[in-house]
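Novice: Need a 3D model of the sequence below.
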Amino acid sequence: MDSIGDIIRKKREEKGMLLRQLAAMVEVDSAILSKIERGERKARREQIVNIAKALELDEKKMLIEYLSENIAYDILQEESANDVLKVAESKVKYLASLKRNGKYFK
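Specialist: As a prediction, this is how the structure comes out:
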């Protein structure tokens, strides 16, 4: 399973783009982008959106990869990580139903 950094690096290389070229396109320092690709630094959401656009990747899929990776890292050390995910999934469904019905105001 590829990390968000792996996905970015593979697509950049596939396009024959240098790291510094992509960094310039998305207005990120080359060193920071390099660390994102190597998994040594977390990207910010807006960086992922800009990178997806620059590399012509599906923005929604990239955000799903980005968010799911962040969640995974956040709960990785928890003994009950899988249970946490199951409960979170239920809560997301519940909150989405409240939002659809105009009852959720966060």
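Novice: Which neighbouring elements make contact with the worst-scoring helix or strand of the chain on mean pLDDT?
Specialist: Using mean pLDDT, DSSP states H and E, helix 81-100 stands out as the lowest-scoring helix or strand of the chain, at a mean of 92. With contacts defined as 3 or more C-beta pairs under 8 Å, 6 or more residues apart in numbering; DSSP states H and E, helix 81-100 has these neighbours: helix 59-75. In short, each C-beta sits where N, CA and C put it, glycine included.
Novice: OK, contacts around the residue nearest the centre of the chain?
Specialist: Residue closest to the average C-alpha location in the chain (C-alpha atoms, centre = their mean): residue 66, at 1.2 Å. By C-beta atoms under 8 Å, 6 or more residues apart in numbering, the residues touching residue 66 are 4, 43, 45, 48.
Novice: Distance of it relative to residue 4?
Specialist: Plainly put, residue 66 is 5 Å away from residue 4 if you go by C-beta to C-beta, to the nearest Å.
Novice: got it, and residue 67?
Specialist: The gap separating residue 67 from residue 4 is 10 Å, by C-beta to C-beta.
Novice: Filter the contacts of residue 66 down to the ones in helices?
Specialist: Judged by DSSP state H, the contacts of residue 66 include 4, 45, 48 as members of helices.
Novice: Could you write me a ChimeraX select line covering just the buried ones among those residues?
Specialist: Buried residues among the ones in helices among the contacts of residue 66 (16 or more other C-beta atoms under 10 Å), as a ChimeraX selection:
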select :4,48
